[in-house]
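Q: Show me the folded form of this:
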Amino acid sequence: MENSKADNLVTGTAMALVASPDDVKRDYQAYQILHWGFVALPILAGLDKFADILCNWSMYLAPQIGNVLGPNLTMQIVGVIEVLAGIGVALKPRWLAPVVALWLWGIIVNLLLLGGHYDIALRDFGLSLGALGLWRLSQHFDIARTTRSDTGA
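A: Next up, the predicted model:
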């Protein structure tokens, strides 16, 4: 009798336990791409909040948010938070990747309050899904890395 799709979903966990070394290597490569991407991108964007080389970031700040501390100070605080988030993802993606996803959702809310820039809001939603993908992959690979380093392997 052939397994149904539901049976395959239930046994999927057992199948992962017998993944080939090539499967694990490919999964680890995907994890590394997301891991280091979500280290570099927040750090670079955060640093640029002080330099405005990529763009004038204040133009993406909703007045309801920017008027509290002023646009420049607000963007500098955002820059510091983004740099810290990137460093945090470098050190512990299992804990910080969901924080980055939440941060991106905050940016989306800001863009919706601002009105317009819906293309950027959609892009940031896609980035948040990537951060969640990193979080799921880190459930395996970040734990494995910690276990290996704790045992001296």
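Q: State the distance from the residue nearest the centre of the chain to Q64.
A: Nearest residue to the geometric centre of the chain (Cα atoms, centre = their mean): A131, 2.7 Å. From A131 across to Q64, the span is 25 Å (Cβ to Cβ, to the nearest Å). Every C-beta, even on glycine, is put in place using the N, C-alpha and C of the backbone.
Q: Excluding chain neighbours, give the residue nearest to K92 in space.
A: D142 (7.0 Å; Cβ to Cβ, 6 or more residues apart in numbering).
Q: Enumerate every residue touching the one you found.
A: Applying Cβ atoms under 8 Å, 6 or more residues apart in numbering, we find D142 in contact with 92-94.
Q: Would you mind listing which of these are buried?
A: With burial judged by 16 or more other Cβ atoms under 10 Å, the buried subset of the contacts of D142 is 93-94.
Q: CSV for the contacts of D142, including distance to L69, secondary structure and pLDDT?
A: Listed next are the contacts of D142 as CSV, based on distance: Cβ to Cβ, whole Å; DSSP: H, G, I helix; E, B strand; the rest coil; pLDDT from 0 to 100:
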residue, distance to L69, secondary structure, pLDDT
K92, 29, coil, 96
P93, 30, helix, 96
R94, 32, helix, 95
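Q: quick one on the thing from earlier: what about the residue nearest to K92, which helix or strand?
A: helix 118-151 (DSSP states H and E).
Q: Buried residues of that helix, list them for me.
A: Buried-residue list, helix 118-151, by 16+ other Cβ under 10 Å: 121, 124, 127-128, 130-135, 137-138, 141-142.
Q: I'd like the distance from that helix to the chain centre, please.
A: Chain-centre distance of helix 118-151: 6 Å, with Cα atoms, centre = their mean, to the nearest Å.
Q: which outside residues touch stretch 21-34?
A: Outside stretch 21-34, the residues touching it (Cβ under 8 Å, 6+ apart) are 19, 130-131, 133-134, 137-138, 140-141.
Q: again but with stretch 86-103, I slipped
A: With Cβ under 8 Å, 6+ apart as the test, stretch 86-103 has contacts from 35-36, 38-43, 46, 81-82, 85, 128-129, 131-132, 134-135, 138-139, 142-143.
Q: For this protein, which segments count as helices?
A: 5-17, 21-51, 63-69, 71-91, 93-114, 118-151 (DSSP state H).
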